[in-house]
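Asker: one predicted model, sequence on top.
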Amino acid sequence: MESRAILAALLMAALLIVYQMYFLSPSEPPKPPPKEPQAQTTPPMAPAQPAAPAGPPPEDKPGPRAPRPPQRLATVEGPRYVAVVSSEGGKLQEFNLKYRGDKPMVVVGALGPTGLALEMGGEREIVAMEFATEKLTLGPERPKADLRLTGEDRGLRVTQTQRFEANSYAIDVVIRIENPGRAPRTVGVSLPWAARQTWQGEPERFPGQHPTEVLWQADGHIQRIEDLTAVGQHTVNGQWIGMGSIWYLTALIPKTPGFQLQAAAEPPRKNGQGPPAKALIATVATPTIAPGQAWEGQVVVYVGPKELDRLEALGLEGSINFGGFPVPRQWGGLPMEWLGMPILRLMNWVHDRVVPNYGVAIIILTLISKILFFPLTVMSLRSMKAMQALGPQMNALRSKYKSDPQRLQRETMALYREHKVNPLGGCLPMVAQVPIFYALYLALSVSVDLQNAPFLCFGRVPSWLPLLGGQALWVCDLAGPDPTFILPILMGVSMFVQQKMTPVMGDPRQAKMMLMMPFIFTFFFFNVASGLVLYWFFSNVLQILQQMYMNRPESPKGAGREVKHAARA
């Protein structure tokens, strides 16, 4: 027993020594374990383990980020524009319209899209993408082409397909986001477009390049913010949102449910440092993507001129701002698109079907309006002639009752009743025409078709001449002022002749003061679009012809009858 006890003690001692050597002595290697996490954090930075982020992250928790690749560019060239697409979210780095000249609609850092952005866990990031094709050419043989961009952002696979068309200014953008993980992911998807709120010291490359308003359509109604510095935070459910000027428009049109329209402004910067503040518009969706599933959204991006037929095809015709007729606010106003839109359609129809010259189309449009209102014009001229005939009797009454205004008013009204003259007869027919004339004015003001559209363009002034050197000899751009001032001067002369032919009513001193109006209007029209001056000038010419018709002498046959009647008497 004693020997067994000694043997057991020896075995226990040996076991204790072995245990300490092989089990307790590795207590020193607890220092190596810290090295293992370091070895696990480096592989995601190396391209050898791209599948590391594809693990099952919890909902809304972004995965590790891969290094951002350098920017690449792809060019899309067609008959209507040249677009340069960046790998940074598929944004348009350049977009130059081929619309009566070269018109850049994107200014890097100041005007244009910022690219497809995803927001997860409160962090928003532009998606870095790749594309296989770096050049697309559109034309008759290739009317449509797709540019496909792919990328991966925090464990999500992103595909953006941009479809370009040769005969359209619209880009069809389809976004697909796949969740290959084993947990649902909620992601904010946005396509923003930004523009500076102010452009001090930076002139436009072409009229209408810089946006002046933010607008959107919701429930069939158009809302406008006509000052970019007044843009606040707006989120609405609507049909489209846009940013543009009087002639050009950028619009984002969601085509799938789940998108919201947003308008916002950057917060003010401290001490005025940094780049100028910007106004932004965007379409935003916030889908929750189940594990192994994908989400798709479609947005049409329109970047181009406000041509009526193109806008109507996309439901954007409400972006044309005709304004409202200036009536008292409590009356609700008169929406001028009721009158301006038919006039704009008629002008385009005349240009497309009758004569391919917008100057001649304006003349025809003015002629049509004068024919329609000819009966009212005749009534107005007859009433003014009748009032002019009563001029001597009116002056006699003024002299007789100059100290008794009430008696003068009673005698004047009695004189009108005796001769069956309506003192408002010369004004009311003209007032009825004012909304139409105002709508004509607005239709010509907002028509982008007049830009660089010639009327009688037949040369240029020699460059060595002062002031006008190099300018178009006459009207080569109906949207711009006449550089030779010929058309405004003709308009002023026609206005002067018209006033001299118009029967004088009331105080002759007021008539003399009215003769100053042609000179004032002439100087005012020096800087007005030639298309508007042409309309005004030709309207005056037609008015002069109408007055000549009303002032024509009696025919000889009629005079002979009067002589016979007098002889019989």
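Answerer: Looks like it arrived, so ask away.

Asker: from here on, contacts and neighbour counts on C-alpha atoms
Answerer: Will do.

Asker: please enumerate the strands of the stretch 301-450 of the chain.
Answerer: 324-325, 334-335 (DSSP state E, counting those that start in this stretch).

Asker: lowest average pLDDT across those strands?
Answerer: Across those, strand 324-325 has the smallest mean pLDDT, namely a mean of 61.

Asker: pull out the buried positions in the helix or strand hosting Gln546.
Answerer: Applying DSSP states H and E as the criterion places Gln546 in helix 530-550. Across helix 530-550, burial judged by 16 or more other CA atoms under 10 Å covers 530-544, 546-547.

Asker: what about Gly359, neighbour count?
Answerer: 25 (other CA atoms under 10 Å).

Asker: same question but for His234, I mixed them up
Answerer: Using other CA under 10 Å, His234 has 11 other residues around it.

Asker: gap between it and Gly188?
Answerer: 17 Å (CA to CA, to the nearest Å).

Asker: Asn357 is in contact with Met347, isn't it?
Answerer: No. Asn357 is not in contact with Met347 according to CA atoms under 8 Å; the separation is 10.4 Å.

Asker: the two: which has the busier surroundings?
Answerer: Counted by other CA under 10 Å, Asn357 and Met347 do not tie: Met347 has more neighbours, with 23 against 16.

Asker: I'd like the distance between that one and Thr366.
Answerer: Met347 is 10 Å from Thr366, where distance means CA to CA.

Asker: what about the stretch 451-569 of the chain, any weak spots by pLDDT?
Answerer: Scanning the stretch 451-569 of the chain for pLDDT under 70 picks out the ranges 459-473, 503-512, 553-569.

Asker: the helix or strand of the chain with the lowest mean pLDDT: what's the following helix or strand?
Answerer: Lowest on mean pLDDT, DSSP states H and E among the helices and strands of the chain sits helix 35-41, with a mean of 35. The helix or strand immediately downstream of helix 35-41 is strand 73-77, counting by DSSP H and E.

Asker: so what strands line up beside that next one?
Answerer: Sheet pairing of strand 73-77 (DSSP bridges) gives strand 81-86 (antiparallel), strand 135-137 (parallel).

Asker: buried sites along the shortest one?
Answerer: So the one you mean is strand 135-137. Going by neighbour count (16+ other CA under 10 Å), the buried part of strand 135-137 is Leu136, Thr137.

Asker: ok, now stretch 226-235?
Answerer: By neighbour count on 16+ other CA under 10 Å, the buried set for stretch 226-235 is Glu226, Leu228, Thr229, Val231, Gly232.

Asker: hmm, who's touching stretch 247-259?
Answerer: Stretch 247-259 is contacted by residues 208-209, 237, 239-244, 282-287, 297-306, 319, 446-448 when judged by CA atoms under 8 Å, 6 or more residues apart in numbering.

Asker: now, the residues you listed that are in helices?
Answerer: Val446 (DSSP state H).

Asker: select only the buried ones of the contacts of stretch 247-259 in ChimeraX?
Answerer: Here is the ChimeraX selection string for the buried members of the contacts of stretch 247-259, based on 16+ other CA under 10 Å:
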select :208,209,237,239,240,241,242,243,244,282,283,284,285,286,287,297,298,299,300,301,302,303,304,305,306,319,446,447,448
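
Asker: where are the low-confidence patches of the stretch 151-300 of the chain?
Answerer: In the stretch 151-300 of the chain (pLDDT under 70), the answer is 267-275.

Asker: off-centre distance for stretch 527-537?
Answerer: With CA atoms, centre = their mean, to the nearest Å as the basis, stretch 527-537 stands 23 Å off its chain's centre.

Asker: and for stretch 435-454?
Answerer: The answer for stretch 435-454 is 16 Å, by CA atoms, centre = their mean.

Asker: what's next to it, contact-wise?
Answerer: Residues outside stretch 435-454 that contact it (CA under 8 Å, 6+ apart) are 100, 246-248, 305-307, 320-322, 325, 336, 339-341, 343-344, 357-359, 475-480, 529, 531-532.

Asker: now list the buried members of those residues.
Answerer: The neighbour-count test (16+ other CA under 10 Å) marks 246-248, 305-307, 320-322, 336, 339-341, 343-344, 357-359, 475-480, 529, 531-532 as buried among the contacts of stretch 435-454.

Asker: nothing else from me, thank you.
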